[in-house]
Every structure is written in structure tokens, then in C-alpha cells.
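Enquirer: here's my sequence, what's the structure:
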Amino acid sequence: MVPETAPAAEAGPSAPHVASERSARASASLCKALAVFRHTCVLLARDPGTVVAYTVMSMVLLVVLRPVYQRLGTPGGSPAEQGTPGLAVMFTLLALDVAGQLLLSERTWRTWDRLRVGSVGTLAVLIGKALPLTVLFTLQQAALFLFSGVVFRFPVADGTWRLPLMGVCWGLCVSCCGLALGVWVRTQGQLAATSDIGALAVTCLSGSLVPLAVLPGWVGDVAPLTPGYWGLHGLRDAVNGDDAGYLRSLGVVLAMTAAALLLASLRSPRKAL
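Expert: Below you'll find the predicted structure:
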């Protein structure tokens, strides 16, 4: 009697097959992110008025506040070196509602449900929306720094690669914070109130508008808890050449960016990329 042989074990997927599947999945995710990116660019290009207004307002306020910084005489360089980074941080924060509006509009237009039931994943949506906003906020900061450099001799060249990198990371941080707001608030009124009050509070507590040296002591204790504090010091350290302070500020800004991105993903589409 011939003994029965055990059935051969089914062969698992080969390594090249797994690698090709991962490559195809990554390529599909990139295509989805690019589609969201293009759509976001179109929406921002249709209505750039808010960011343009904030850019002009920051330049006007820099001209008006320059004599104030001269009279204060606080340490931290020339009046332009004190005022320009602070106003860059302040008016980028005021644009939080621009980022939040992108996601809140998706929910208002009922397209958010399509993203939830479709194949677009969490990172594809958030990255596709965050990147155009980051570019927009970086250009907003660049316009102010160039204006200050031409009119008030702000040492833009001293920032070398550090100033542009910090500007991009700060723009990304504000973009992710705004997207998180847009995910969690329910109405336009909630978005406007949360973004405006939050931006003003962070601006004041971080020393972006008024130097911490002339504010109450408790403000200086609270300041490091705000993202604006680290964005402000990162931009200043980029120009002053303080590498240790710059890297510390850059690391904290990136950590806060990751936290905001995580918060935004908690109510975003949960399908895999």
C-alpha cells in the first residue's frame, strides 16, 4: 500500500512580488496626493486675497512699529532684526483660517464623505493639502523678509540656508495646525473664532509682537509652550548664527508639526494608502 504523501505547503509570495506590490502601492499613493495637491492649488489660486492682505499688513505694521522697537532698546539686534521675524510669525498664524477653510469646505461641499468612502488615504489628503499651504506661507514670509531687507537692511543674507529652511518648516507647522482645526471644528464661526483667538494668543504669549523682556514674567514662563515662540527664535537664530539654538527650535517646530498632523489624522479618512 502506497503511503499518502502530505500535500505540499502553499508557497508564499516571493520577495520580488512583495516589493512590486509595495512599489505599486506607493506609486498610487503619490498619484492620489498629487491629485489633492493640484486641487488645493486651484482653490488657493482662485482666492489669494487673504494671504496677500496679511502680507501687506505685515509690511505696514513693520514700518509703524520700527520706532517702537528703537525706543524699547531691548536686546536682540536692530529694530528690523527684532520686528521682522515676529511679524512673520504673527501674520502666518493669522492665516490659520486659510488652512482650516480648505478642510472645512470639503465637509460643507459634501466632498469629505467621498474622501472617506473612496480610496484616498489619510496621508494623501493631508499631505496634498499641506504642501500648497506650506509654499504659500513660505512665500508670505519671504516677501516680508525681502521687504525688510530692502527698506530696513534686515540681514537676509546672514540666514544662508537656515532662514529658508526655518521658514518652510514654520509654514508647514502652521499648515498642519490649520488643517487640524478644519477637521475638528463644525462651523465657519467656530473656525473663525478658534483661529483668530488662537493666533492672537500665541502671538502675544510667544513674544512675537512685543518682546518678552517688557512683558510680565509669567508670559516668559508660558512662552515655550507655544509654537510661535520656537518659530520666532528659530528665525532669529537663523540670522544670528546661533546653531545650537537654531537646531533646538527647528526640532521643536517639527515635533509640534507632527503632533498637529496626528491630531488632524484622527478624524481623517482611515483607509490605507
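Enquirer: what ranges does the protein have for its helices?
Expert: 15-46, 49-72, 79-94, 96-108, 111-117, 122-152, 162-184, 188-206, 217-222, 227-240, 243-265 (DSSP state H).
Enquirer: for the stretch 101-250 of the chain, which residues score under the pLDDT cut-off?
Expert: The model of the stretch 101-250 of the chain has pLDDT under 70 over residues 107, 109-121.
Enquirer: the same query, at a cut-off of 90, please.
Expert: The stretch 101-250 of the chain contains residues with pLDDT under 90 at 101-129, 153, 159-160, 182-190, 209-215, 241-242.
Enquirer: one step back: would you reformat the helices of the chain as a markdown table and include mean neighbour count?
Expert: For the C-beta atoms, the positions are set from N, CA and C on the backbone; glycine is no exception. Formatted as a markdown table, those follow (neighbours: other CB atoms under 10 Å):
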| stretch | mean neighbour count |
| --- | --- |
| helix 15-46 | 13 |
| helix 49-72 | 15 |
| helix 79-94 | 26 |
| helix 96-108 | 21 |
| helix 111-117 | 14 |
| helix 122-152 | 21 |
| helix 162-184 | 24 |
| helix 188-206 | 17 |
| helix 217-222 | 12 |
| helix 227-240 | 25 |
| helix 243-265 | 17 |
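Enquirer: tell me the contacts of P224?
Expert: W230 (CB atoms under 8 Å, 6 or more residues apart in numbering).
Enquirer: distance of it from F37?
Expert: Plainly put, P224 is 34 Å away from F37 if you go by CB to CB, to the nearest Å.
Enquirer: same deal with G100?
Expert: Look at G100 and F37: by CB to CB, they are 18 Å apart.
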